[in-house]
Structures are given as C-alpha cells and as structure tokens.
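1. quick one: sequence and predicted model below, then my questions.
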Amino acid sequence: MPELPEVEALRRGLLPLIVGQKIKKAEVKMPKLVSSKGTTRVSSDLKLQEFIQGTLGRTIEGIERRAKNLIFSLNDGGIILVHLKMTGQLVYKGKSGTDKQISVSGGHPIELSENSLPNKHTYVIFNLEHGTLYYNDVRQFGYLLYFTDKKTLESQKHFDGLGAEPLDKGFDFELFYEKLKAKSGILKKVFLDQTVVVGLGNIYADEVCFDAMVKPLRSINSLKKSEIKALYESIVKILPKAVAMGGSSVSNYLLADGSKGNYAREHKVYGRAGQVCLRCGKTLQKTVLGGRTTVFCDNCQK
DNA sequence: CCTAACCCCTGCTTGC
DNA sequence: TGCAAGCAGGGGTTAG
C-alpha cells in the first residue's frame, strides 16, 4: 500500500538506476493500465499507441513526485505519470550478470519465483539501454499515463485539490494549522482525503495519530492547537524516517531493486489490533473509519 | 457545493 | 478437503 514514504523511497531508488537511459521500447500487456484511471477502466487503442510511440526512443531525464504520483520526464518534454495505487511495483533489473534472479540453496541453484521477472502480474515492460524496468500490479488498480508535455498534464487537473507536501521545506506548522482548521469532520478521514497534507494512507495516518497521542476519530474542530502541533511534529518526524528506511513492505511493496522496505517493523499500531500498546500496555482497539480499519490506543491517545 | 457508498481487482485468511 | 465470504485499501465515480 504505497503511501508517500514508499513512493518517495522508490523514486530515490530509481533515480540512479534509470535516469539518463533511453527507452528502447515499451511493451504493454494490459492496455487499460495506460488508457485511463478510476473505476471505469476501458482499454483504448489510441491511448496504447500514444503511450508506445510517445515513449519510444526517448530518454528518461528525471523523476519527480507529487503526493503518491511518480512523474517521469522525457527528453522531448513528454511525461509518464505513474500511480501504484495498492499493489503496483516498479522493479529494475540490470543486464549485468549480478542479477541472475537465481539463489543458491543447499548448493543447488533454485529459481526465486517471486523475484523472477516478468511474472504473471507484469503488465508494462520498459526495455532500456542497460536493463529492464517492470511494472507489476496484482490488482491492476494502478496506472501509467503518457502526456505529450507538462501543459497537457496540468490541463487534465490530476493534482487539483491536493494538499501540502509534507517533505517540502515550505511545510511549516502555520500552513498545516491553517489548512487543517479550514476543514471539518473526522481527523483520520481528512488525513486520508489528501486535501490538507498529501501522502498519508491508512498506515501512516494511524501511526501519526498514535505518535501524537490523538485519537484518529477526533473531530477537527475539537482539536486544540497543541494537539495539532503534536500531529504536525509526528508527520515531519515519521515520514522522513520511513523514507530513509525504505518504506513499509506490508503487502507486496518493493523498492526499485526488488528489495523490501524496513519500516514495517517500526509500526506501533497498524496491524496490531488486540496487541498491547507499546506506550502504556493497554490493549489496542480497532474500529472502521471511512471503510478503513483503524487501530489506536483508547487509553493513551486522547 | 458536500459526504457516504460503491467500485476497480486478485490473493490471502477465515470459517463452516 | 473445498468453497465462499471477508478483508486488504487508494482514490475515482456516483448517488443523494
């Protein structure tokens, strides 16, 4: 469930591996993934051709991130927008013999099927000069969209309504406070809707609330300034740490080289309902908010 | 304008 | 053992 730390860790991992490489050819095995996003996913031959032709022979010049989106810029001004949604992966395998995708067990080489690419869930393959970039997505929720230039991307309003970037220098407490106070409703729902601050998903929303000792079910208008300050401090503490640790591999999230992130072991509440609170020892509670499982400590979160 | 419910999809877990 | 229901959740879409 790639959230901001996972997407950012992936971006940083991909940079040295693929920036500067030319796309020799893109193979698309699931045209709907490059045709549209949302719930009405229809394959389009036109979009498929635009994607293949637009990326053919272009060089990847940079990778940026906005919220949980990855933005690949091409040397002719073209852009590939990638969203991993729940189970998307971008894994790069170099041509050098160091990635044989074979492991040795008991002296006999065995194939690691989970690391063998392409696999049954590989839907887009970028053949690069020095290696191959695979897009895998078990549940096919993610998408890769091609735009001829930045203006076209902007005109389609993909980023409209998104809140502040929590890793940016400009993300200070006053900004967060003003944006949060302008909203109403339940704290966690506001975190998940990306309008105040982007990048928190179900994992980090719960982790931030726990760290700040604020219940995720609290209404925005009940929050004291000191509590909002605590939430802010937890966001700017937890997200960079999670990025540095490669994110949380709780489902099938992988880094650019196919390895797993290490932040899952830092989780204090996510996935721990019914277990003891690591801060006060009481049993962690579970509830459902906006259709999402929510875990918190009823004792030490206020 | 808003919010809540539904939906996209597969694989793993749980219960009978 | 099998098989169905439940669950995982980002976020676009739709109904109200």
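-> Yep, that arrived. Residues are numbered from 1 along each chain as shown, chains lettered A, B, ... in the order given.
2. ok, longest helix in chain A?
-> Longest helix in chain A by number of residues, with DSSP state H as the criterion: helix A:225-244.
3. any idea how far that helix is from the chain center?
-> 18 Å (C-alpha atoms, centre = their mean, to the nearest Å).
4. then stretch A:285-299?
-> For stretch A:285-299, the distance to the chain centre is 22 Å (C-alpha atoms, centre = their mean).
5. stretch A:163-179 too?
-> Averaging C-alpha positions (C-alpha atoms, centre = their mean) puts stretch A:163-179 19 Å from its chain's average.
6. so is it next to DNA strand C?
-> No. Using C-beta under 7 Å from any atom of the strand, we find that stretch A:163-179 stays clear of DNA strand C, coming within 10.7 Å at best. C-betas here are computed from N, CA, C, even on glycine.
7. so which residues on chain A come close to DNA strand B?
-> Counting by C-beta under 7 Å from any atom of the strand, chain A comes close to DNA strand B at A:39, A:41, A:86, A:120-121, A:138-141, A:184-185, A:189, A:290-291.
8. where does A:Glu61 fall, phi/psi-wise?
-> phi -100, psi -20 (degrees, to the nearest 10).
9. likewise for the one 5 residues further on?
-> Phi and psi for A:Arg66, reported as degrees, to the nearest 10, are phi -130, psi 120.
10. nearest spatial neighbour of it, chain-adjacent residues omitted?
-> Excluding the flanking residues, the one nearest A:Arg66 by C-beta to C-beta, 6 or more residues apart in numbering is A:Phe159, at 5.5 Å.
11. if we can go back for a sec, farthest pair in the residues of chain A next to DNA strand B?
-> Using C-beta to C-beta, the pair of those lying farthest apart is A:Lys120 and A:Ser184, separated by 45.1 Å.
12. in this structure A:Gly170 contacts A:Phe176, no?
-> No. Using C-beta atoms under 8 Å, A:Gly170 is not in contact with A:Phe176; the gap is 10.7 Å.
13. give the intersection of the neighbour lists for those two.
-> Residues touching both A:Gly170 and A:Phe176 by C-beta atoms under 8 Å, 6 or more residues apart in numbering: A:Ala164.
14. neighbour count: those two, which is higher?
-> A:Phe176 (21 against 7; other C-beta atoms under 10 Å).
15. packing partners of the helix or strand hosting the more buried one?
-> Per DSSP states H and E: A:Phe176 is located in helix A:173-181. Helices and strands touching helix A:173-181, by 3 or more C-beta pairs under 8 Å, 6 or more residues apart in numbering; DSSP states H and E, are helix A:225-244.
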